[in-house]
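>>> return atomic coordinates for the entry below.
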Amino acid sequence: MAVLIAACAAGEPRVWSEKDADAELERAEQLFADGSYRRAALAWEQAALTRPLDADRLYILAAEAWLQGMNPEQAEKALSQIDPAVLDGHDLTRLDLAQAELAMLHEDFANAGWLLASVSDHLPRDLGSRHEALELRLAQLQSAPVEEAIDALEEALDEPDFSGELALALLIEFPAVQLQGSMQYAGDRPELLPWLDLAIVARENLLDDPALAAALSSWQARWPELDYSAGEAQQWLAAWRQTRPMPAQITVLLPDRNSPLRRPGEALRDGLLAGWLQIPPDRRPELVFDYLGDEPESAVAAWFDARERGSDFLIGPLDQPKVQALAELPDAGVIPTLLLNLPDDAQLLSTGSGELAAIALPPEIDAEQAAIHALATGHRRALVLYQYSDWGRRVASAFSDTFRLGGGQIMAERFYDTDQPDYSFLLRETLKIDRSEERISRLSGLLGDVESSPRRRADIDLIFVGARPADGHQLLPQLRFFDAANVTLLSTSYIVDGKPVSGRDDDLNGVTLPMPPWFLGFTAAGAVHDQARTLYAGFESATLSRMHALGRDAMSLVPWLAMMRSDPVLTLPGMLGDLSLPDGHRIRRDLPVVELQGGIAAPAEAQ
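Numbers count the residues shown, from 1 in each chain. A predicted model of the protein is given here:
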């Protein structure tokens, strides 16, 4: 998705005043500190287009952000824009470190080692920790190189009992990017290529059964001469996944019965238990539920209790103040932990030691992905309408910031009062219907009666609506009344009260939005939702339903987090989206984009 934004950002650069430019750079730095590496990289690249004297330094910052977000292709593009001859010593060292990191991602360990060694005798003090981290990473990569596995595979090919299972067993543990880089290493040994191809296909689709089946069928069609079938490979991979180690004991931190979050906590617990029941009985970990009081320090006390008990994994807490308190512990990640919200200071996730990750459900994620979809489908001029609330401002800001970073323009932003069900005055002014009516009135005064209908403004190609169900059902019909039916309407999944329902949601017809698979009837997650609502309480509330799905996803992530941390493209199809861990700390949720018609969601057409 970041590639889509970058591709869309190649239009005419904006021209900023010096004050505006400084503000944009400060915002990029804050985005990087918050872990929004993709958005930070895009902001620095946009700034480089408008500040030619600083462009080389800004492209280095963009490359570092792309690398932090595990996007080597975009990092390489940014680095290709740099002229080393104009850099000072400090920025030259930063360039060498970025090149070393990129070399590691491309399996070029010799070049990475040379680059790190070449700067070690004149290393600026503020780059010392980065240099040290890269040296440690290089040592880890070199300790078990994929080349050794490929050499072992070559020897095994000559054995009479060789099978495809052996090839998978030798290679499946390596990240996809390493396997892809090894194709060049094996280029002069064509007998290895089918098995490397198999390992790459398997690793790229490892946790997505439908995608894996399709990819393995394509692999078999490419190599029909092999005595090994796609079905055999899928069966072996399914068995291998069941061998992944599970923790013996998981501590779960939940709100206690006196907490305002009691009901969300109960729904979350039900989802965790539902996910736990999907694990084969002989692999199920022991679950210890620890119910927390109101004070943030209760999470810290529970963490120490879990460590004393010997818990191998920790899930929670749910509310942000307790997440912040836990993330501030210097050694919080000593117990591998999956937080269920983001700390106020997201940078704490990457500065602590050990294995600390977070999955969260902020509505801003929906808005950002709506903006990405808009850019990818060719939209460039947006009108933004949002409810007058903190929630509405956050959603609108997330959409607008992402849309601008991708080269789009926000033509106007307007908020509305949810206590006023009639939005006609706002819409007449925002859509410039009133100006059209004034022009018709003037012409009638000059020419007599003029047959003409007022028209809305023509300088927009989409309208983004930051609304919840109650105001969304009021606002969208009025937009259509004021001639906006032929403009793309975008929103977030929060405009629908959970799963779309025919009849109830007919007022929302025509709106396009990212939506968790959990609420979509045509997905596997949607089928799980429909079954679960007959077994568990609370599904009449979209919030509680989301909490149940979050619990299922949290339990599904447990055996895969360590592998996802080392392989940024490894994706787990979850209830709440396709889950990955590109920066090693914050779970990314990619959502399908749908359009509502007849109150029912269907995949949106890419147009």
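
>>> from here on, contacts and neighbour counts on C-alpha atoms
Noted.

>>> and the helix or strand containing residue 49, what does it pack onto?
Per DSSP states H and E, residue 49 falls inside helix 37-50. Helices and strands touching helix 37-50, by 3 or more Cα pairs under 8 Å, 6 or more residues apart in numbering; DSSP states H and E, are helix 2-8, helix 18-33, helix 55-68, helix 390-405.

>>> kindly recompute the last result at 10 Å.
helix 2-8, helix 18-33, helix 55-68, helix 72-80, helix 390-405 (3 or more Cα pairs under 10 Å, 6 or more residues apart in numbering; DSSP states H and E).

>>> just give me how far it sits from the chain centre.
Distance, stretch centre to chain centre, for helix 37-50: 18 Å (Cα atoms, centre = their mean, to the nearest Å).

>>> keeping just the C-alphas, turn it into PDB.
C-alpha atoms of helix 37-50 as PDB (Å, rounded to 0.1, in the frame of the first residue of the first chain):
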ATOM      1  CA  TYR A  37       7.400   5.000   9.000                       C
ATOM      2  CA  ARG A  38       5.600   5.000   5.700                       C
ATOM      3  CA  ARG A  39       3.900   8.300   6.200                       C
ATOM      4  CA  ALA A  40       7.200   9.800   7.500                       C
ATOM      5  CA  ALA A  41       9.100   8.600   4.500                       C
ATOM      6  CA  LEU A  42       6.500  10.100   2.100                       C
ATOM      7  CA  ALA A  43       6.600  13.400   4.000                       C
ATOM      8  CA  TRP A  44      10.400  13.600   3.700                       C
ATOM      9  CA  GLU A  45      10.300  12.700   0.000                       C
ATOM     10  CA  GLN A  46       7.700  15.400  -0.600                       C
ATOM     11  CA  ALA A  47       9.800  17.900   1.300                       C
ATOM     12  CA  ALA A  48      12.800  17.000  -0.800                       C
ATOM     13  CA  LEU A  49      11.000  18.100  -4.000                       C
ATOM     14  CA  THR A  50      10.400  21.600  -2.600                       C
END
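
>>> contacting residues around residue 54?
47-48, 87 (Cα atoms under 10 Å, 6 or more residues apart in numbering).

>>> want to throw these into TSV with pLDDT and neighbour count?
Shown next, in TSV, are those (pLDDT from 0 to 100; neighbours: other Cα atoms under 10 Å):
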residue	pLDDT	neighbour count
47	89	25
48	90	20
87	87	16
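
>>> could you dump those residues to a markdown table with distance to residue 264?
Output for these, formatted as a markdown table (distance: Cα to Cα, whole Å):
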| residue | distance to residue 264 |
| --- | --- |
| 47 | 42 |
| 48 | 45 |
| 87 | 53 |
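
>>> of these, closest to residue 312?
Nearest to residue 312 among the contacts of residue 54, counting by Cα to Cα, is residue 47 at 45.1 Å.

>>> surely that closest one is in contact with residue 59?
Yes: here residue 47 reaches residue 59: they are 9.1 Å apart, a contact under Cα atoms under 10 Å.

>>> mutual contacts of the two, please.
residue 41.

>>> that older thread, quick one: which of the contacts of residue 54 is nearest to residue 95?
Distance to residue 95 across these (Cα to Cα) is lowest for residue 87, with 9.1 Å.
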